[in-house]
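Trainee: Any chance you can model this:
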Amino acid sequence: MAFFPRRPLGPSHFLRLHRAAQGQVSNLRYLSASAIIGNENKSGTEHGSPATRKTTHFGFQEVPEHEKEDLVREVFSSVAKSYDVMNDVMSFGIHRLWKDQFVSRLDPGRRPGGRPLSILDVAGGTGDIAFRMLDWASEIHNDHQSKVLVVDINENMLKEGQKRSLATSYGDGSRIDFKVQNAEVLDAVPDNSQDLYTVAFGIRNFTNIPAALRAAHRVLKPGGVFACLEFSKVNTAILDMIYRQYSFSIIPLMGQLVAADRDSYQYLVESIARFPSQKDFAGMIKDAGFEISGDGYEDLTFGIAAIHTGVKV
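Mentor: Model prediction:
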């Protein structure tokens, strides 16, 4: 598997992808979730003619499905070292509170008399969620044996996580491991092997989200929990208008000023706008075979983000 070097993405990389979007943003921002999901189900062969080739979305642009993985990999190679800064810019720093809420709701850790947990953190290259889960297990449940496998399609993100782990008590690798994996396949993760599957701010970048959800269902043990933290749809009209204006006007500019990388940040805000609504995504989780309780999700900060959970029965 080839990986791109970390470097700011120049205009040439996204010229074809963004040229049309510049004049169409106002129309495309409000695409329905049903249209988004429909694009993932177009028929065609991977390398067929443009008329029959399977396509998916990359931000606001339609691209051949087999190209998206490399495009997303290059985005995250570019932002790997500024990942926390990126999330601070995109959420006013509130992502840190959301992640704390995500972990506290899951309450990971071995209970007295129980066995250690096997936790799979997907698209978690920098270890941000994994370290929080291990800290929670250790500090709240006195569990020093449960382990996390962090997987990511991007080697640069994983290298950043491994480097960060050296500054924690998990630097010896006894409780955390990092591995390159495609979330839609997870070919190195056995069936029915994981107690908890987490993915935070990553699933919207997957090429085939339904395939990733099916892979999550496969690797979880019966009774295992799927948990996803992701940007979502603001549930108040006025706040939604303000949030969209901020997202499309300010975040790419901040990306240019903070990380010298406007294009990657432009893609990231577009990927948020294209992600399904809370209700539609909960339906996708059910379609993958999970049981959900109630609506299946919890809104955070007026729906700017949401926590989705499902159980494999």
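
Trainee: So which residues of the protein form strands?
Mentor: 55-58, 61-64, 118-122, 147-152, 176-180, 194-200, 220-231, 297-300, 305-311 (DSSP state E).

Trainee: Can you add mean pLDDT and distance to R244 and give the ones you listed back as TSV?
Mentor: In this view, the C-beta of every residue, glycine as well, is placed from N, C-alpha and C. TSV is the format used below for those (pLDDT from 0 to 100; distance: least, Cβ to Cβ, whole Å):
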stretch	mean pLDDT	distance to R244
strand 55-58	64	18
strand 61-64	64	18
strand 118-122	98	28
strand 147-152	97	29
strand 176-180	97	35
strand 194-200	98	22
strand 220-231	97	12
strand 297-300	97	17
strand 305-311	97	15
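
Trainee: Can you tell me which of those strands is most buried?
Mentor: strand 118-122 (a mean of 26; mean count of other Cβ atoms under 10 Å).

Trainee: Now do it: which elements does it pack against?
Mentor: On a contact count with 3 or more Cβ pairs under 8 Å, 6 or more residues apart in numbering; DSSP states H and E, strand 118-122 meets helix 128-141, strand 147-152, strand 194-200, helix 209-219.

Trainee: same thing but 7 Å
Mentor: Strand 118-122 is packed against helix 128-141, strand 147-152, strand 194-200, with contacts defined by 3 or more Cβ pairs under 7 Å, 6 or more residues apart in numbering; DSSP states H and E.

Trainee: what comes into contact with the last one?
Mentor: Outside strand 194-200, the residues within contact range by Cβ atoms under 7 Å, 6 or more residues apart in numbering are 99, 102, 106, 108, 117-124, 129, 216, 219-221, 224-229.

Trainee: neighbouring strands for it, and are they parallel or not?
Mentor: Strand 194-200 has its sheet partners listed here by DSSP bridges as strand 118-122 (parallel), strand 220-231 (parallel).

Trainee: From the chain's centroid, how far away is it?
Mentor: With Cα atoms, centre = their mean, to the nearest Å as the basis, strand 194-200 stands 12 Å off its chain's centre.

Trainee: I'd like to check the angle between that strand and helix 209-219, please.
Mentor: 150 degrees (axes from the mean of the first three to the mean of the last three Cα atoms, to 10 degrees).

Trainee: Tabulate the strands paired with strand 194-200 (CSV), appending distance to E298.
Mentor: What follows is these, written out as CSV (distance: least, Cβ to Cβ, whole Å):
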stretch, distance to E298
strand 118-122, 19
strand 220-231, 10
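
Trainee: quick one: which of the ones you listed is nearest K279?
Mentor: Using Cβ to Cβ as the measure, strand 220-231 is the one of the strands paired with strand 194-200 that comes nearest K279, at 13.6 Å.

Trainee: any idea how far that closest one is from the chain center?
Mentor: 13 Å.

Trainee: Can you name the residues in contact with that strand?
Mentor: 98-99, 102, 106, 192-201, 203-204, 216, 272, 275, 285, 290, 304-313.

Trainee: One more pass at 8 Å, please.
Mentor: 90, 98-99, 102, 105-106, 129, 192-204, 213, 216-217, 272, 275, 281, 285, 290, 304-313 (Cβ atoms under 8 Å, 6 or more residues apart in numbering).

Trainee: export the strands of the chain to CSV and tack on distance to S138?
Mentor: Converted to CSV, these look like this (distance: least, Cβ to Cβ, whole Å):
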stretch, distance to S138
strand 55-58, 39
strand 61-64, 43
strand 118-122, 13
strand 147-152, 12
strand 176-180, 12
strand 194-200, 16
strand 220-231, 19
strand 297-300, 25
strand 305-311, 22
